[in-house]
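Peer 1: next comes the sequence, and after it the predicted model I'd like to discuss.
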Amino acid sequence: MIKAILFDMDGVLLDSYKMWFSMFEHALKKFMNQPLTDKEFKEHIWSRSFQILVKEYFPGKEKEVEAYYFPKVKDYMDQMEVYPVEDVLKQLKEKGLKTAIVSNTFTSTVNQMLTKAGFDKYFDLVLGGDCVKHAKPSPDSLLFCLDKLNLKPQEAIYIGDSKYDIQAGKAAKVFTVGLKIDGGNKTIKDLKELLTLV
C-alpha cells in the first residue's frame, strides 16, 4: 500500500531551469572567467549536486564559490516559474498521504523556493542534497527520507524529471515515476497522473 509520495523539486514542481542557469553562468564568469552554453548546462550541470559541480567547475575555489552562490538565490528567484500543480498536492494530502521533497538542491534553498511558490505547507519533510554524504544518483537521500517517515521502500512513490532521479529511485527500490522521462517504473506527462497511482 502506498503511504507517501516523494518529489524531486526542480523541473517537477518548479520551472527553475532559467534561474539556475543564470546563477551558474554568472558564477562561472566571475570566478573562472569562462562562458556557459545551454548545451553544457543541460547535459552536465542541470539536476546534479552542487557539491560535485563546485569541485569540477571551480577547482580550488570551492568554499569561496559556495559562500557567494547560495546567498544569491533570492536575487534570481524572480526567474523561477511555478507549475500549476497545487491542486495535485492538495488532493494527495486529502487522501492522507505523506509527502516529501528529495532534492539535490541544498535544503535551505529548497525551503526558500517552496515558500516563495506557496508549496511549503504541503510537505511533511524536505531533504536537500546536503542532508547526506552522497546526493542523487546515489539512493542515500531517498533511503534517509524513508527512514525519517518510517516507511518501507514499497510504501512510497518517487517522481523526478532527470536520469539521476530515476537512478536514485530504482537503487532505493521505490516505485519510480519519470516525469516526461523514460527509465522508471512508469512515465507520466502530467503530474495529475499521479492521482491514478494512489
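Peer 2: Received, thanks.

Peer 1: how about the longest helix anywhere in the chain: buried residues?
Peer 2: With residue count as the measure and DSSP state H as the assignment, the chain has helix 17-32 as its longest helix. Neighbour counts over helix 17-32 (16 or more other C-beta atoms under 10 Å) mark Y17, M19, W20, F21, M23, F24, E25, H26, A27, L28, F31 as buried. To be clear about C-beta, it is placed using only N, CA and C from the backbone, and glycine gets the same treatment.

Peer 1: please apply the same query to stretch 91-111.
Peer 2: Under 16+ other C-beta under 10 Å, the buried positions of stretch 91-111 are 92-93, 97-106, 109-111.

Peer 1: where exactly do the helices run in this structure?
Peer 2: Using DSSP H, helices in the chain cover 17-32, 38-40, 50-57, 62-69, 73-76, 86-94, 107-117, 140-148, 163-171.

Peer 1: can you list those helices in TSV and add distance to N185 and mean pLDDT?
Peer 2: As requested, the helices of the chain are exported to TSV (distance: least, C-beta to C-beta, whole Å; pLDDT from 0 to 100):
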stretch	distance to N185	mean pLDDT
helix 17-32	25	96
helix 38-40	30	96
helix 50-57	26	93
helix 62-69	34	92
helix 73-76	33	92
helix 86-94	18	97
helix 107-117	25	95
helix 140-148	14	98
helix 163-171	8	97
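
Peer 1: so which of those gets nearest V198?
Peer 2: helix 86-94 (7.1 Å; C-beta to C-beta).

Peer 1: what is the distance between that closest one and the centre of its chain?
Peer 2: 19 Å (C-alpha atoms, centre = their mean, to the nearest Å).

Peer 1: just checking, what packs against that helix?
Peer 2: Counting contacts by 3 or more C-beta pairs under 8 Å, 6 or more residues apart in numbering; DSSP states H and E, helix 86-94 is packed against strand 98-102.

Peer 1: the strand it packs on pairs with which strands?
Peer 2: Here strand 98-102 is paired, per DSSP bridges, with strand 4-7 (parallel), strand 125-127 (parallel).

Peer 1: so what are the domain limits for the chain?
Peer 2: Split into domains by automatic domain parsing, the chain comes to 4-15+82-196, 17-78.

Peer 1: which one of those domains is the most hemmed in?
Peer 2: domain 4-15+82-196 (a mean of 19; mean count of other C-beta atoms under 10 Å).

Peer 1: tell me how far the ends of it are from each other?
Peer 2: Taking C-alpha to C-alpha, to the nearest Å as the measure, domain 4-15+82-196 stretches 14 Å from start to finish.
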